[in-house]
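Trainee: build me a model:
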Amino acid sequence: MDPKPPLPSRLPDRQDDDLIIRAAGPDDSDGLASLACLPGYRWGTLRLPYQSPAQTRALIEKRPAGSVFLIALRGGEVVGSAGLDPQSGRRAHAASLGMGVHDDHQGRGIGSRLLAALLDVADDWLNLRRIELTVFVDNAPALALYRRHGFDIEGTLADYAFRGGAFVDAYTMARLRR
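Mentor: Below is the predicted model:
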């Protein structure tokens, strides 16, 4: 019997900490609600303040079939989340992506590991060609992360969202696998 070939992976080789990335489930709603209520996390997303665990559970349970929703845990605490929502029909080759990292855990590679895990699923399991996202124009760390992972800015969305009492622009970005 031939030995199994090594598994391809674009996941960073970081086994030096206790970070666990796994699928999110309804039982994670308390931790995810706490994460979503952090001011820094919320600032970079479209989430509203004061998201309850019940609202979070409903969002988890209503995710469409085929979507991928991951969480990052450190010491049992939810420190990040990321989702990939494949499209259908004539856009079945594409998916939208969203993610965020706990305010106190940013800059530690969690976002990179979550993003790499989603791209691994997109490329090696779903055969997706296009991954797209929006990011606020003032979110420099996220822009740098997405660029490192092959995303390019495709356009600017003026007055994309209302945040902190003002309208803010966002970039639409995509990573194409040819």
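Trainee: for the helix ranked longest in the chain, name the packing helices and strands.
Mentor: Identified as the longest helix of the chain according to DSSP state H is helix 110-124. When contacts are defined as 3 or more C-beta pairs under 8 Å, 6 or more residues apart in numbering; DSSP states H and E, helix 110-124 packs onto strand 19-23, strand 68-74, strand 77-86, strand 94-101, strand 130-136, helix 140-148. In this view, the C-beta of every residue, glycine as well, is placed from N, C-alpha and C.
Trainee: show me which residues of stretch 128-147 are buried.
Mentor: 128, 130-136, 139, 142-143, 145-146 (16 or more other C-beta atoms under 10 Å).
Trainee: distance between it and the chain's centre?
Mentor: Taking C-alpha atoms, centre = their mean, to the nearest Å, one finds stretch 128-147 lying 10 Å from the centre of the chain it belongs to.
Trainee: got the end-to-end distance for it?
Mentor: End-to-end span of stretch 128-147 (C-alpha to C-alpha, to the nearest Å): 18 Å.
Trainee: what mean pLDDT does that stretch get?
Mentor: Per-residue pLDDT over stretch 128-147 has a mean of 97.
Trainee: which one, of the helices and strands packed on helix 110-124, ends up nearest to residue 52?
Mentor: Within these, the stretch nearest residue 52 is strand 77-86; the backing value is 15.1 Å (C-beta to C-beta).
Trainee: and that closest one, which strands flank it?
Mentor: Neighbouring strands of strand 77-86 in its sheet, by DSSP bridges, are strand 68-74 (antiparallel), strand 94-101 (antiparallel).
Trainee: right, and these - which one's nearest residue 160?
Mentor: Residue 160 lies closest, by C-beta to C-beta, to one member of these: strand 94-101, at 13.7 Å.
Trainee: give me the residues contacting that closest one.
Mentor: Strand 94-101 is contacted from outside by 35-36, 41, 44-45, 72, 79-87, 110-111, 114-115, 118, 122, 126, 128-133, using C-beta atoms under 8 Å, 6 or more residues apart in numbering.
Trainee: next one: stretch 124-137
Mentor: Residues contacting stretch 124-137 (C-beta under 8 Å, 6+ apart): 8, 44, 66, 84, 86, 93-98, 118-119, 122, 142-143, 146, 151, 156-157, 160-161, 163, 168-178.
Trainee: narrow those to those that are buried.
Mentor: Among the contacts of stretch 124-137, the ones that count as buried by 16+ other C-beta under 10 Å are 44, 84, 86, 94-98, 118-119, 122, 142-143, 146, 151, 160, 163, 168, 170-171, 173-175.
Trainee: rewinding a little: dump the strands paired with strand 77-86 to a markdown table, plus distance to residue 55 and mean pLDDT.
Mentor: Putting the strands paired with strand 77-86 into a markdown table (distance: least, C-beta to C-beta, whole Å; pLDDT from 0 to 100) gives the following:
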| stretch | distance to residue 55 | mean pLDDT |
| --- | --- | --- |
| strand 68-74 | 15 | 97 |
| strand 94-101 | 16 | 96 |
